[in-house]
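S.K.: with the input below, show me the fold.
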Amino acid sequence: MTMRALVPVILCLLSSAALAGGDFTLGKVIAISGESGNYSFRFVQTDRRKELLAGCREFNVMVHYERVPWFSWLPFVHTTHPSKQQTEDAALFLRSASQSSQEIYFGYMGYGLAPTGSSCSFSSRGLVLEQEQGKQFVLSYYDQI
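M.R.: Numbering: from 1, shown residues only. Sure thing, here's the model as predicted:
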């Protein structure tokens, strides 16, 4: 394969990496229910910045944990998608924040919140609790990044 043939492949790979971004915002979890990888919670954005999700300062998230990609159970497959344990840990953090009315950071990575068809309602396949510069935040994942 010549170098000329590799240029389009390299450009495609670089452009797909640009789609892996995400965003997060400050808010409160006002209700959460569920267990074992299946959760539903309501989040209210409390900061004054633009809405995390267009037109929705308050939104519902339904989490149904799923391995992404489906073949990620293979020992040689490495994925950035959260594990079931990471999803459980993040849900515990959300539950604690809800019970104490604590403001938290919540957001998504890549295409981390898929619209469900209902207004301000989104679906997630996994959550992860991250910590950076002394801040803890929960990120939603839907597809593999």
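
S.K.: in this protein, where's the longest helix?
M.R.: helix 84-100 (DSSP state H).

S.K.: so for the closest residue to residue 22 other than its chain neighbours, what's the pLDDT?
M.R.: Once flanking residues are discounted, residue 22 sits nearest to residue 109: 3.9 Å by CB to CB, 6 or more residues apart in numbering. (Each C-beta comes from the backbone N, C-alpha and C, glycine too.) At residue 109, the model reports a pLDDT of 90.

S.K.: where along this protein do the strands fall?
M.R.: Along the chain, counting by DSSP state E, strands occupy 22-35, 38-45, 58-64, 103-109, 114-115, 121-124, 126-132, 135-141.

S.K.: dump those strands into TSV; add mean neighbour count and distance to residue 82 as well.
M.R.: As requested, those are exported to TSV (neighbours: other CB atoms under 10 Å; distance: least, CB to CB, whole Å):
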stretch	mean neighbour count	distance to residue 82
strand 22-35	16	13
strand 38-45	19	13
strand 58-64	19	10
strand 103-109	21	9
strand 114-115	13	15
strand 121-124	20	10
strand 126-132	17	4
strand 135-141	21	6
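
S.K.: Serialize these to CSV and add fields for distance to residue 94.
M.R.: CSV is the format used below for those (distance: least, CB to CB, whole Å):
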stretch, distance to residue 94
strand 22-35, 5
strand 38-45, 6
strand 58-64, 9
strand 103-109, 7
strand 114-115, 19
strand 121-124, 11
strand 126-132, 8
strand 135-141, 6
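
S.K.: nearest to residue 92, out of those strands?
M.R.: Nearest of the strands of the chain to residue 92, taken as CB to CB: strand 126-132 at 8.4 Å.

S.K.: who are the packing partners of that closest one?
M.R.: When contacts are defined as 3 or more CB pairs under 8 Å, 6 or more residues apart in numbering; DSSP states H and E, strand 126-132 packs onto helix 84-100, strand 135-141.

S.K.: for the first one, buried residues please.
M.R.: Judged by neighbour count (16 or more other CB atoms under 10 Å), helix 84-100 contains these buried residues: 86-91, 93-95, 97-98.

S.K.: what's the farthest-apart pair in the residues you listed?
M.R.: Pairwise distances across these peak at 18.7 Å for 86 and 98 (criterion: CB to CB).
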